[in-house]
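Asker: Quick one: sequence plus predicted model below, questions after.
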Protein chains: 2
Amino acid sequence: MPRIDGKRLLADLQHIRGFGRFETGVHRPTFSPEDVAARQWLAGRMAEAGLAPSIDGVGNVLGRSPAAGPCLLMGSHTDTQPRGGWLDGVMGVIYGLEAARAFAEEPAAAGLSIDVASWADEESHYLSFLGSRSFVGQLPEAEIDNAKHREDGTPLRQAIAQAGFAGRPRLTLEEGRYRGYLEAHIEQGGSLETDGKRIGVVTSIVGIFQYRMTFEGRQNHAGTTPMPIRKDSGVALVRLLAQVNDRFAAIAGPRTVWTAGRILLHPGAPSIIPGKAEVLLQFRDGELTQMQRMEEELVRLVAEANAMGPCAVSLETLSRTPPTAMDARLQDAVAAAAEAHAPRGWMRMPSGAGHDAQILARRLPAGMLFVPSIGGVSHHYSEDTAEADLVLGCQVFCDAAFRFLKA
Amino acid sequence: MPRIDGKRLLADLQHIRGFGRFETGVHRPTFSPEDVAARQWLAGRMAEAGLAPSIDGVGNVLGRSPAAGPCLLMGSHTDTQPRGGWLDGVMGVIYGLEAARAFAEEPAAAGLSIDVASWADEESHYLSFLGSRSFVGQLPEAEIDNAKHREDGTPLRQAIAQAGFAGRPRLTLEEGRYRGYLEAHIEQGGSLETDGKRIGVVTSIVGIFQYRMTFEGRQNHAGTTPMPIRKDSGVALVRLLAQVNDRFAAIAGPRTVWTAGRILLHPGAPSIIPGKAEVLLQFRDGELTQMQRMEEELVRLVAEANAMGPCAVSLETLSRTPPTAMDARLQDAVAAAAEAHAPRGWMRMPSGAGHDAQILARRLPAGMLFVPSIGGVSHHYSEDTAEADLVLGCQVFCDAAFRFLKA
C-alpha cells in the first residue's frame, strides 16, 4: 500500500497558503495574480513529482502520469472564495499530488497511475464550474465569450489574457484513459465533528432547486390608503414565505435544507406601500423524489396565494440541479480505506455543497471524501482542519485510490 | 360673504404648474431653480393682491395683510415630491391667496385679514417640516447647519445660498397676531371619492410611530448547515412579521394602517443563510390610545420571539409622533361652510398623511379642509382633482375663514 508523507503534504499546503494569505485564510480569486502564481507553482511541483504538467486555455492545471495501466483522475480547485479559508479546494489538489508521489514510491503500485487536476473557478467568480465543465466538454465558447466577473464585470476573456493563458487549447477528457474521478474536500459543515467522525464517505452531492417568487401589488401612500383596499406586495410575500417555512418543515427529509437568502421590497421606503416584492428561495436534498415533493408543495402554496389575492404571485425556476450519486465502488473503496486507518471513525453522508465531482460524474464514475471542518466553518478565513485529520484524510484518500485501481 | 373668483383661482394654479412641469404633474423639489422661481412669482402675486410679501432665510414665503383686525394665517407648500402631482401643496397656498383677494373685495370682510404662507420643504428633501418648524420657533440653527439633501447630500446651507436666501432673517410667528391657522390640501387618498363626498373636514392628523426591528442570527453556508442548528435571521423576521400582520389586523381600529416598507437580509446572497435581518415598520392612527395598544402588542410579540429564539430580536423606536387634533371651532366653521355650499356633500375624516398644520397646531388653533383626489392617487405626476371640486373647495375654504373670524 502506498504511504503518504505527512510532513511533505503539510509543507505543500503551507507553501501554497502563502499565495494570497489573508489573516489565517487566503484571498485567491480566480485569475488574480496570486491565483495565477499558485497555478504556476503547482505545475512546477507536479513536474517534480514526475507528472507532465500543463495549464490550458481556461486555467485548468493538469498533471499527467507517464505510467501506463489503470489511471485515476484526482483533483479539486486552487481558487478560493474572497477572504476564504486556506483549505477549501486546494486540499483536494495537494492530496492528489501527494497520492501521485506515494504511488511512485510504492513498488506495489507499479502499473497504476494518477493524474492530478486543479479545475479553474470552482468558486464561480466568472462562471459556475468553469474548469470542470470545460474539461468534460460542456462549456461552449460563446459562454466564455459572454462571461464577466460577477462583481467587477471584468470580461472573462480579458482575465484569461491577463493571466497569460489566452490562445492555449482547452484540455478535454481523454476517452478511455480514466477508471474514475476521486476528489477530497473539507466538509464545510459540522456533521463529522458533531458525530465524532474523522472521514466522510460522500454518498451523493445534493441537488439544488432555485426559484424567484415575485409579488405584484400596488404602490401607494402608507398613510392615506386604508388597509381593506391595499395591495401590499410585502405583506403577501411575508404571508406566503411563512407558510412555505411551515410546510417545508412538515414534509422535509432528515437532511433537507431550504433558504430564502434575499428579499427585496420596491421601492423600499418606510412610508410607501411596496408595489412589488421578490424573494430568492432554494432547497437542497440528496433525493430527487424528496425535491420533487417540495416543488409540488411550493407550486401548490403559490397557487393558493394567487387564488386568495390580492397580489399576483409568480414562481420562476432559476435552476434545477438534480442530486448526483457517487459511484458505489468508489464509495466502498473509501469506506474500506477509512475503516483500515480509522476503525469506526468514518460515516457515509451526502455533500450539502456543490463540487467539481458532480461535473466529472457526468462522464466518469466519481467519488468524494470529506475531512472535518472545525466548528463547521467555511467560506471564511477562519476555516480550519486539525493537522492530524489532514494527514489521516490524505492516507485514506491514497489508500482508497490504490484499492479501487487494484480491484 | 366673500366670493372667490374661480377663473382667477384656476389661472393661478395653471400658471404655477409651469414651474417644473413634468408630464401632467410637476417636478419642483425644494430650492431647485424651478422652486425658487415659483416662490418669487408667488411673492409677486401676493403683492398684486395687496399683501406685503417676504421670503425669509429658509425660503418661507409670507404675504402679510396690511389690514387691522382679527387675522387668520393660511398656507401650505409650493415644493413638490420628485415628479409629483400639480396640486399637492400648492393648491392650499393659492387657496389662501384667492381667499385674501376675495376678502379684500368684500365690504362685509372689512376689518378682517388674512396672511398667506408657503412653508419651505414640506416634502422633506432636506428636513422634515423645515419651514413651518422654523416659523413656530422649533428649528435650531444647528439642525440647519447639519442638514443635507436626502439623496444627493447637498448641504442645506449651500442650497439656501444658491437660492439667494442666505443671510436673510428667519420669520417667526408674531405673538397675538393670529386667531388660528387654516390649511387646504388634496386628500391623497380615496375616501371622499369612495363615499361620494366633495369636502373633507379634517378632525385630526394621524400620529405615526416608526420602528426598526433587527434580527441577529448566524451567517452560514446554505448547503452544509442542517436546519436544526441554523439561526436564520430571515426566517425569524418572516415569522414575526407574519404574526404582527395577523395581530394588528385583530386589534386595529377602523382607520388604523400599518406598513413594513423595507426589509433587508444580510448579506443578501441566494446561498448564504442571512446572519442579520432588519425591517422598518410603522403604524398610524388618529387616536393615541389605539396607537399605544398597538405598541404594547408589538413589544409583546418581540418579547415572545426573543423567548422562543433562536435569533435575538431588538425593537428600536425611530419616531413617535402623536396624533394632532384639529381645533373644534375651525372644524365647525369648515363644516358649516361646506353644508352651505354642498349640502350633505362633506364628511369629517382624519388625515392619514402629515401636513404643516400639525406643526402650526403647536402654537395656534389649526384646521384643515380636503378636496377629493381622483382615484386616490398622490405622490405621482398623474395626481389630479376635478376643476369643479377645486373651485368649490376654495369657496368653502374662504367662507369657513370668514365664519371663523366673524364669530
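Answerer: Everything's here; your move. Keep in mind the model is a prediction, meaning the values are calculated, not measured. Numbers count the residues shown, from 1 in each chain, chains lettered A, B, ... in the order given.
Asker: What's the local residue count around the residue in the stretch 201-350 of chain A that chain B sits nearest to?
Answerer: Using C-beta to the nearest C-beta, the closest approach of the stretch 201-350 of chain A to chain B is made by A:T224 at 3.3 Å. Any C-beta I mention is one placed from the backbone N, CA and C, and that applies to glycine too. Other residues lying near A:T224 total 24 when counted by other C-beta atoms under 10 Å in any protein chain shown.
Asker: Need the per-residue pLDDT for it.
Answerer: pLDDT for A:T224: 89.
Asker: next one: A:S271
Answerer: The score at A:S271 is 87. That number is its pLDDT.
Asker: So is stretch A:19-29 next to chain B?
Answerer: No. If you take C-beta under 8 Å from any C-beta of the partner chain as the test, stretch A:19-29 misses chain B, and the best it gets is 14.9 Å.
Asker: whoops, stretch A:273-290 was the one
Answerer: Yes. For stretch A:273-290 and chain B, the contact criterion (C-beta under 8 Å from any C-beta) is met by A:273-274, A:280, A:282, A:284.
Asker: Buried ones in stretch A:148-159, by neighbour count?
Answerer: Buried residues in stretch A:148-159, counted by 16 or more other C-beta atoms under 10 Å in any protein chain shown: A:149, A:154, A:156, A:159.
Asker: List the contacts of that stretch.
Answerer: Contact with stretch A:148-159 is made by A:30-31, A:124-127, A:130, A:144-145, A:147, A:166, as judged by C-beta atoms under 8 Å, 6 or more residues apart in numbering or on different chains.
Asker: Just the mean pLDDT for it, thanks.
Answerer: When pLDDT is averaged along stretch A:148-159, the result is 95.
Asker: Next: stretch A:306-315.
Answerer: For stretch A:306-315, mean pLDDT is 97.
Asker: and what of stretch A:350-359?
Answerer: Across stretch A:350-359, pLDDT averages out at 95.
Asker: To what extent is A:E287 buried, counted in neighbours?
Answerer: A:E287 has 17 neighbouring residues, counting by other C-beta under 10 Å.
Asker: which residues sit in contact with it?
Answerer: Taking C-beta under 8 Å, 6+ apart, we find A:E287 in contact with A:253, A:323.
Asker: still on that earlier bit, just send the residues of stretch A:273-290 next to chain B back as TSV, with neighbour count and distance to B:L392 too.
Answerer: Shown next, in TSV, are the residues of stretch A:273-290 next to chain B (neighbours: other C-beta atoms under 10 Å in any protein chain shown; distance: C-beta to C-beta, whole Å):
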residue	neighbour count	distance to B:L392
A:I273	25	30
A:P274	30	35
A:L280	20	51
A:Q282	19	57
A:R284	29	64
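Asker: Mind checking which of the contacts of stretch A:148-159 are buried?
Answerer: Buried members of the contacts of stretch A:148-159, scored by 16+ other C-beta under 10 Å, are A:30-31, A:125-127, A:130, A:144, A:147.
Asker: Can you tell me which of the residues you listed is nearest A:A37?
Answerer: Distance to A:A37, by C-beta to C-beta, is smallest for A:F31 among the buried ones among the contacts of stretch A:148-159, at 11.2 Å.
Asker: Phi and psi next, for that closest one.
Answerer: Dihedral angles phi and psi of A:F31 (degrees, to the nearest 10) take the values phi 70, psi 10.
Asker: Could I get the buried residues of stretch A:148-159 in a markdown table, plus columns for secondary structure?
Answerer: Below are these laid out as a markdown table (DSSP: H, G, I helix; E, B strand; the rest coil):
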| residue | secondary structure |
| --- | --- |
| A:H149 | coil |
| A:T154 | coil |
| A:L156 | helix |
| A:A159 | helix |
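Asker: Can you tell me which of the residues you listed lies closest to B:D384?
Answerer: A:H149 (47.7 Å).
Asker: Which positions are bridged to A:R64 in the beta structure?
Answerer: Counting by DSSP bridges, A:R64 forms beta bridges with A:A52.
Asker: Now do the contacts for it.
Answerer: Shown in contact with A:R64 (C-beta under 8 Å, 6+ apart): A:51-54, A:115.
Asker: Take those and, keeping just the buried ones, write it as a ChimeraX select command.
Answerer: In ChimeraX syntax, the buried subset of these is picked out as below (16+ other C-beta under 10 Å):
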select /A:51,53,115
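Asker: re earlier: can you tell me which of the contacts of stretch A:148-159 is closest to chain B?
Answerer: Nearest to chain B out of those is A:S124 (C-beta to the nearest C-beta; 9.9 Å).
Asker: quick revisit: with distance to B:G25 added, can I get the buried ones among the contacts of stretch A:148-159 in CSV?
Answerer: Formatted as CSV, those follow (distance: C-beta to C-beta, whole Å):
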residue, distance to B:G25
A:T30, 49
A:F31, 50
A:H125, 45
A:Y126, 45
A:L127, 46
A:L130, 50
A:I144, 48
A:A147, 43
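Asker: List the ones among those that fall in strands.
Answerer: The strands, defined by DSSP state E, take in nothing from those.
Asker: and chain A, what are its domains?
Answerer: Domain ranges of chain A: A:6-206+A:324-406, A:207-321, per automatic domain parsing.
Asker: Highest average neighbour count across the ones you listed: which stretch is it?
Answerer: Burial of those is given as mean neighbour count (mean count of other C-beta atoms under 10 Å in any protein chain shown); domain A:6-206+A:324-406 ranks first at a mean of 21.
Asker: Between the two ends of it, how far is it?
Answerer: Domain A:6-206+A:324-406 has an end-to-end distance of 23 Å (criterion: C-alpha to C-alpha, to the nearest Å).
Asker: between the residues of stretch A:273-290 next to chain B, which is nearest A:A102?
Answerer: Comparing these against A:A102 with C-beta to C-beta places A:R284 closest, at 34.8 Å.
Asker: before we move on, back to that, tell me which of the residues of stretch A:273-290 next to chain B is nearest to B:G25?
Answerer: Closest approach to B:G25 among those (C-beta to C-beta): A:I273, at 19.6 Å.
Asker: wait, what's in contact with the closest residue to A:V202 other than its chain neighbours?
Answerer: In space, and not counting its chain neighbours, A:V202 is closest to A:M368: 3.7 Å by C-beta to C-beta, 6 or more residues apart in numbering or on different chains. Applying C-beta under 8 Å, 6+ apart, we find A:M368 in contact with A:182-185, A:202, A:205, A:326, A:334, A:351, A:355, A:357.
Asker: export those residues to CSV and tack on secondary structure?
Answerer: CSV is the format used below for the contacts of A:M368 (three-state DSSP):
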residue, secondary structure
A:L182, strand
A:E183, strand
A:A184, strand
A:H185, strand
A:V202, strand
A:I205, strand
A:M326, coil
A:V334, helix
A:S351, strand
A:H355, coil
A:A357, helix
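Asker: and of these, the nearest to B:A236?
Answerer: Proximity of the contacts of A:M368 to B:A236 was ranked by C-beta to C-beta; the top entry is A:S351 with 27.2 Å.
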